[in-house]
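Undergrad: below is the sequence, then the predicted model.
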Amino acid sequence: MRRRPGDRDQLRFTLTCEAGMNDGSAFPFVMLGLGLLGLHDLGASGLRWVLVDVLWATLAGIAIGAVSGFALAHVGRKLRGSPPAHKLMDDFLGLGLVGVVYGVSVLAGAWGFLAVFFAAVALRQTELKFAGAHATPENDPEPTVSGGSLIFKEHLERLSEVMLILLIGGTLFLDSWSWRAAGLALFLFAVARPVSVFVGLLGTRTSWPIRGMAGWFGVRGIGSLYYLMYAIQHGVPEDLALDLIQLTLIAVSLSILVHGTSVKPLMSRFWRHRRHLPADR
């Protein structure tokens, strides 16, 4: 993931964008699954699902996020530039943006994860425009909300992930493991993830080493826990819920183990390869 506002590393940028779009675009398929189980109204021939859950919720989420990020960038710039200049608490402005955007999206029936992602993109791009830094900068030319909250947000994210990992470890027992769950995880790691990344990057100028790294990393699936709990709260039968919990927890646990242990050797090899490339690549 991106480590600072001016981070120009293409691999981290690709994984960051993929993570945001992945979590943001999964909700329609969750609703489709609930509808096929009879727990959500899909409408005649799935028409309601297409119009409401796909088109409306997606477009509304994008619009709410883009407008909110654009508005916060303008407010922050005005407050900093108006006498007397205000010292803004960028960390909490960033968190406030997340909360407000997600809340408005829920009220509007839009997808909150998608809205938050586009709010962050709109905020950052608007601030870069104000700073006259359309070309990706090495560092922020002036204080910004997105720049100030990035490191703070990263610390919160890491702490929350550690907490979730500890909770996952505490819920697993020896009888939780099965070849069926391990087979699903293997399919996700070796087939579903790489194929989806390669298809998504078709037509781009992304190098093959970066495609390979993006296709391997980024699974973990912490967001899957949210969707799992959402489905359970909407009435998934108990037997199916227990089965889904087992499959999800095993997949997340194996991802933490496999990708966590492989990240250092693979990244070392990746950077050695990058150092031997021409400077313009």
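TA: Everything's here; your move. Numbering: from 1, shown residues only.
Undergrad: where does pLDDT dip in this protein?
TA: 1-9, 82-89, 133-157, 218-220, 276-281 (pLDDT under 70).
Undergrad: where along this structure do the helices fall?
TA: 10-25, 27-36, 47-48, 57-81, 90-108, 112-130, 145-171, 179-187, 193-200, 208-216, 222-233, 238-275 (DSSP state H).
Undergrad: winner for burial among those?
TA: Comparing these by mean neighbour count (mean count of other Cβ atoms under 10 Å), helix 112-130 ranks first with a mean of 22. From N, CA and C alone the C-beta is placed, and that goes for glycine too.
Undergrad: put the alpha carbons of it into PDB.
TA: Output in PDB follows, covering the C-alpha atoms of helix 112-130 (Å, rounded to 0.1, in the frame of the first residue of the first chain):
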ATOM      1  CA  GLY A 112     -20.400   3.100   1.300                       C
ATOM      2  CA  PHE A 113     -17.000   1.400   0.600                       C
ATOM      3  CA  LEU A 114     -17.100   2.600  -3.000                       C
ATOM      4  CA  ALA A 115     -18.100   6.100  -1.900                       C
ATOM      5  CA  VAL A 116     -15.200   6.300   0.600                       C
ATOM      6  CA  PHE A 117     -12.700   5.200  -2.100                       C
ATOM      7  CA  PHE A 118     -13.800   7.800  -4.600                       C
ATOM      8  CA  ALA A 119     -13.900  10.500  -1.800                       C
ATOM      9  CA  ALA A 120     -10.200   9.800  -1.100                       C
ATOM     10  CA  VAL A 121      -9.400   9.900  -4.800                       C
ATOM     11  CA  ALA A 122     -11.300  13.100  -5.400                       C
ATOM     12  CA  LEU A 123      -9.800  14.700  -2.300                       C
ATOM     13  CA  ARG A 124      -6.200  13.900  -3.300                       C
ATOM     14  CA  GLN A 125      -6.600  14.900  -7.000                       C
ATOM     15  CA  THR A 126      -8.300  18.200  -6.100                       C
ATOM     16  CA  GLU A 127      -5.500  19.100  -3.600                       C
ATOM     17  CA  LEU A 128      -2.900  18.300  -6.200                       C
ATOM     18  CA  LYS A 129      -4.700  20.500  -8.700                       C
ATOM     19  CA  PHE A 130      -4.700  23.400  -6.200                       C
END
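Undergrad: residues touching Val67, list them.
TA: Contact partners of Val67, counting by Cβ atoms under 8 Å, 6 or more residues apart in numbering, are Ala122.
Undergrad: could you redo the last one with a cut-off of 6 Å?
TA: Contact partners of Val67, counting by Cβ atoms under 6 Å, 6 or more residues apart in numbering, are absent.
Undergrad: make 45 the starting number, not 1.
TA: From this message on, residue numbering opens at 45, which makes the last subject Val111.
Undergrad: from Leu246, how far off is it?
TA: 31 Å (Cβ to Cβ, to the nearest Å).
Undergrad: ok, now Gly256?
TA: Relative to Leu246, and taking Cβ to Cβ, Gly256 is found at 15 Å.
Undergrad: next: Val74.
TA: Distance from Val74 to Leu246, by Cβ to Cβ: 26 Å.
Undergrad: for Leu172, same thing?
TA: For Leu172, the distance to Leu246 equals 28 Å [Cβ to Cβ].
Undergrad: ditto for Leu167
TA: Distance from Leu167 to Leu246, by Cβ to Cβ: 29 Å.
Undergrad: now do Phe314
TA: From Phe314 to Leu246 the distance is 21 Å (Cβ to Cβ).
Undergrad: so what's Leu245 closest to, chain neighbours aside?
TA: Arg255 (5.5 Å; Cβ to Cβ, 6 or more residues apart in numbering).
Undergrad: so Gly279 makes contact with Gly82?
TA: No. Counting by Cβ atoms under 6 Å, Gly279 stays clear of Gly82, with 9.1 Å between them.
Undergrad: and these two? which has more neighbours close in?
TA: Remark: of Gly279 and Gly82, Gly279 carries more neighbours, 12 against 9, as counted by other Cβ atoms under 10 Å.
Undergrad: return the residues in contact with the more buried one.
TA: Here Gly279 is in contact with Leu83 (Cβ under 6 Å, 6+ apart).
Undergrad: torsion angles phi and psi at it?
TA: Per-residue torsions, Gly279: phi 100, psi 20 (degrees, to the nearest 10).
Undergrad: what does Leu246 give?
TA: phi -60, psi 140.
Undergrad: could you do Ala70 as well?
TA: According to degrees, to the nearest 10, Ala70 has phi -80, psi -20.
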